[in-house]
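Participant: Got a sequence here, can you model it:
(chains A and B)
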Protein chains: 2
Amino acid sequence: MSDSSKHNSPSRRQFLTGAAAAGAGAVAAGAAKAAGPDPLITEVQDWASSFGDGVDVTPYGLPIQFEQDVVRRNVEWLTADTISSINFTPIHALDGTITPQGCAFERHHSGAIEMRKEDYRLMINGLVDQELVFTYEDLERFPRENHVYFCECAANTGMEWAGAQLNGAQFTHGMIHNMEYTGVSLRTLLEEVGVKPEGKWIYVEGADASSNGRSIPMEKALDDVLVAFKANGEALRKEHGYPVRLVVPGWEGNMWIKWLRRIEVKDAPVESREETSKYTDNLANGIARKWTWVMDAKSIITSPSPQAPIKHGTGPLVITGLAWSGNGAITGVDVSVDGGKNWIEARLAAPGQDKAMTRFYLDHNWDGTEMFLQARAKDATGYVQPTKTQLRDVRGLNSIYHNNCIQTWWVKESGEAENVEVS
Amino acid sequence: MSDSSKHNSPSRRQFLTGAAAAGAGAVAAGAAKAAGPDPLITEVQDWASSFGDGVDVTPYGLPIQFEQDVVRRNVEWLTADTISSINFTPIHALDGTITPQGCAFERHHSGAIEMRKEDYRLMINGLVDQELVFTYEDLERFPRENHVYFCECAANTGMEWAGAQLNGAQFTHGMIHNMEYTGVSLRTLLEEVGVKPEGKWIYVEGADASSNGRSIPMEKALDDVLVAFKANGEALRKEHGYPVRLVVPGWEGNMWIKWLRRIEVKDAPVESREETSKYTDNLANGIARKWTWVMDAKSIITSPSPQAPIKHGTGPLVITGLAWSGNGAITGVDVSVDGGKNWIEARLAAPGQDKAMTRFYLDHNWDGTEMFLQARAKDATGYVQPTKTQLRDVRGLNSIYHNNCIQTWWVKESGEAENVEVS
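Facilitator: Numbering: from 1, shown residues only, chains lettered A, B, ... in the order given. The predicted structure follows:
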C-alpha cells in the first residue's frame, strides 16, 4: 500500500491505440477507441432503463445463456456409449487455475451412480489389526485437510501419439481438472484400523458396477492420499463420485476411485484389469511398462488454440495456458512462437503449487504472420517436458497413455489455429 | 516422499472406536464399527449391479438431488422484492475456501441484467489524457492477473448489532464469497488513458438501472483493483456481473461494481447515495462514519452451527469455520468452547493469503455438555477480532454495516445450536 511509485499518476501508455513511440510496429485497428458516437454508449440501453431478473428464482446459479458452449464434451468415436465415457473440460474457454465442478473432466466406466450419504459405507479390510466399516458421518469426524490438486486421465493427449488428431485443446488436453479437495488423510484411516507389518499395498475399489479396482503401494497410501468428500467447497457432483472419492495427488486419474467403497490392505498388488490390460504403456519391443502412475510435467496453450482463434488482428495478444506436474510444483514455462526454435519465459500467474495446475501468460505483440505455438513446462525436480520426437524415441508409437509431449498449434495469418506436428 | 517415519506401518489408533488408552473419557457409540452384518455391505446393491446414468446428457453438471438444500437463500423480511435482494452463501454446508459461483453470495439493486459480450463497453473518462472506450475484446488483450479474494457485503452480520437475530451461519455471515478472479489490473487501464495530476479519485458505475455508483481513492485504484471477467476459471454468472465486474480486494462488496460500464477520473469523491445515506456507519452521537471501506478481520464457525447441528453424539468432533481480513492475511484463529473464557489455537488448513478466506479446524473431543462456541481471527497487522461488547462500546447500536464482532453459537446437549449473545 505504501509503495510510493504506485501512487504517481500514470502517464498514458497507449498499449492498444498505438501512438506510443515505443510501440513495436503497427497496432490493431478496432482496438480501444476514443469515446465517440457508439450507440451502445450514447443511447440508453434496455438494461439501464428497466429491471433485470430477480435472482432468488435460481438459488443455484447456472452459467448465462451466452456461455452455453462452455461445457464438457465427449469425443463420439472414442467410446461406444455414454455408460462408459469421458467428458472433457473446456480448457480453451477457461482462465485461472480452478476448474468449476460443473464443467470438470470426468471419466466413468459404468455410468454415474446415485448414492445417498446415509447409504454410504467404506470398508477397510485385509491385513489390518481390525477390519472396520465407516459411515459418511464417521469420516466427517476425523481431522480434515484441504488441497488443490490436478486430476489427469492417463489417456489425456493419448490420441496424439500417432500424430495430430483432434482439433482443440479441450479434446487433446481436456481430460484434466484442478479442484480444491477437502477430505480425510487416508493415512489417518489406516492408522485407525492398524496396518499389519506385511501390508505393503492397498487395493481400492468403487461402489459402481465397474468397481474399477486399483492397487496402490503403501508408501503412497501413507503419503498424501485423501478420502475426499468436497471439491471446490461443496459436495462432489454425482459424476465425481458423490459422496466420497479417493484423491491420489499427481497420479493418474483412474486411481482416483469414485464412490469409494473398499480398501483392502494386501501384501502384493492385485494386477487387476485396470492395471494390466489397461493403463500400461505398450512399447515398440512388445514389452508393456506398468506401474506408470505419476503424471509427468506437461503444459498446453489454451488460447489461442483451435477453439479459441485470434479474432482481433495484429498487436497485443495474450498467450495463455496451463502447466502441471505429478512430481511437484511447476517452476517455469517457456513459450515458443516458431515451433521450438526459440523460447521465451512465460509469466506464472502465481508460484507453482505441488501437484496443482499453474496458469501462465505471455504478453505478445503479434505481427500477423503465422506462428507455431508451443509451451514447455519445467518442474521442481528439474524435469523438462519433452518433444513428441523425444517421447516417441523412448516409448514408440503403440502407447495410449502418458503422452506428455509438447503440443503445437499452427496459428495462421487469419488467426485460426490448427493442431499440427513439427519435426 | 522420503520421510521414513511415514513409511512405517501405522499401528491402530482407535480414534473413533475408543479402546485407546489415551482416549479422553467415553467415546461415541455408533461410530466406525467392525465389519459385520450391515446389509449395505453384505448384500449386493443396485448401484453395483446395474449401470448408472450416462453423463453426457448433462454437459454442465449440477449438484446431486440429495444436496438440493445447499443453495443460496434470501431473508424474506430483509428486502422488499427480488429485484433488490441479497442471496446468502450456504457457508454452513461448505468446506475448504473456494465458493462455487453457483452458490456464491450476490447482492443486486435492480435485478441481474443480461448483456452479451459483444454489447459490452467500458468508458474511462474525466481527468485523463484521452477518454477511451474499451470493448470486451480490448480487455482480453491486456496483461491478465489471477487472485483469490473474498467479497463481503458491508451489511454482513449487520442484523446482529441489536442482538442475536438470525439462526444460521448462512444468514448471519453468508453475505460473502471467496473466488479466484481473473482480470486486468485497473492500474493498467488507467495507464492506458493517462491520469492527469489532479485526478485523485475514480467514480465507478454499473450498466444496470441502479448504476450503483461509488467513489474510490486513486491510491486504491492504482493498487490492487481488478477489472475482472472470470471467477473460478469461468465467465461470471449473470448475477455476478457478466461479462465484467470490478474487484476491490478487502473492501466492502458494494464497491465491486457489476456490469462495470464507466470509470470517471475526478478530483473529488461524488458523495453518491451509496456512500452517504447507505454504507456509512451511524454512531451513537449522531455522527456518521463514512469512507469505511476496509472489511476488518472476522471469523465464523460454520459447523457446528444452527443449520449444521451435531448428530453423532459425544467424542471426536470437527469444529470448523472461515476467517478473513481486508487488511491482509489471517495469521491465526482461536476457538473457545466456553463463550470466550478460554481460547484454543485452531489449525489453519493452509497459511493465510492476502484478503482471501482461510479455513480453520479444531479437532475437539466433545463430552456432551453444552458449549458456547466462538472464533476469534487475527491478521497480519496484529489486529484481533473484537467482542460484540467491545464493538458496541465504540460504534453504538445504530449501525447496519461493518459488524465484525465475535459470534456465539450455543451448542446444547442435544447437539442443536442456537445464535445467542454472551456478555
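Participant: CA atoms for contacts and neighbours, from now on please.
Facilitator: OK.
Participant: what about chain A, any weak spots by pLDDT?
Facilitator: A:1-10, A:16-31, A:34-36, A:55-58, A:423 (pLDDT under 70).
Participant: the domain parsing of it - what is it?
Facilitator: Chain A breaks down into these domains under automatic domain parsing: A:101-289, A:298-420.
Participant: will you turn these into TSV that also has distance to residue B:370?
Facilitator: Formatted as TSV, the domains of chain A follow (distance: least, CA to CA, whole Å):
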stretch	distance to residue B:370
domain A:101-289	18
domain A:298-420	41
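Participant: would you turn the ones you listed into JSON lines with mean neighbour count and distance to residue B:161?
Facilitator: Shown next, in JSON lines, are the domains of chain A (neighbours: other CA atoms under 10 Å in any protein chain shown; distance: least, CA to CA, whole Å):
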{"stretch": "domain A:101-289", "mean neighbour count": "22", "distance to residue B:161": "29"}
{"stretch": "domain A:298-420", "mean neighbour count": "21", "distance to residue B:161": "39"}
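Participant: Of those, which is nearest chain B?
Facilitator: domain A:101-289 (3.6 Å; CA to the nearest CA).
Participant: end-to-end on that closest one?
Facilitator: Domain A:101-289 has an end-to-end distance of 33 Å (criterion: CA to CA, to the nearest Å).
Participant: Stretch A:269-287 too?
Facilitator: Rule used - CA to CA; the end-to-end distance of stretch A:269-287 is 19 Å.
Participant: Off-centre distance for stretch A:309-327?
Facilitator: 16 Å (CA atoms, centre = their mean, to the nearest Å).
Participant: Is chain B within reach of it?
Facilitator: Yes: for a cut-off given as CA under 8 Å from any CA of the partner chain, stretch A:309-327 has contacts with chain B, namely A:312, A:316-318.
Participant: Tell me which of the domains of chain A approaches residue B:92 most closely.
Facilitator: Ranking the domains of chain A by distance to residue B:92, with CA to CA as the measure, places domain A:101-289 first at 10.5 Å.
Participant: which bits of the stretch 151-300 of chain A sit near chain B?
Facilitator: A:180-182, A:190-197, A:199, A:207-211, A:218-219, A:222-223, A:230, A:232-239, A:242.
Participant: try 6 Å
Facilitator: A:182, A:191-195, A:197, A:207-209, A:219, A:232-234, A:237-238 (CA under 6 Å from any CA of the partner chain).
Participant: Can you tell me how far residue A:296 is from chain B?
Facilitator: 16 Å (CA to the nearest CA, to the nearest Å).
Participant: ok, back up a step: just the ones of the residues of the stretch 151-300 of chain A next to chain B in helices?
Facilitator: A:191-193, A:219 (DSSP state H).
Participant: Make TSV out of those and add distance to residue A:374.
Facilitator: Formatted as TSV, those follow (distance: CA to CA, whole Å):
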residue	distance to residue A:374
A:191	46
A:192	48
A:193	49
A:219	36
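Participant: so which of those residues would you say is closest to residue B:125?
Facilitator: After measuring those against residue B:125 - CA to CA - the closest member comes out as residue A:219, at 61.1 Å.
Participant: Quick check: the gap between the closest one and residue A:244.
Facilitator: 22 Å.
Participant: try residue A:210
Facilitator: In terms of CA to CA, residue A:210 sits 16 Å off from residue A:244.
Participant: swap in residue A:106?
Facilitator: Taking CA to CA, one finds residue A:106 at 15 Å from residue A:244.
Participant: hang on, residue A:264 packs against residue A:203?
Facilitator: Yes: between residue A:264 and residue A:203 there is a contact at 5.0 Å, judged by CA atoms under 6 Å.
Participant: where along the stretch 1-150 of chain A do the strands fall?
Facilitator: A:33-34, A:85-87, A:106-108, A:121-126, A:132-135, A:144-152 (DSSP state E, counting those that start in this stretch).
Participant: Give me the helices and strands touching the longest one, please.
Facilitator: Packing partners of strand A:144-152 (3 or more CA pairs under 6 Å, 6 or more residues apart in numbering or on different chains; DSSP states H and E): strand A:176-185.
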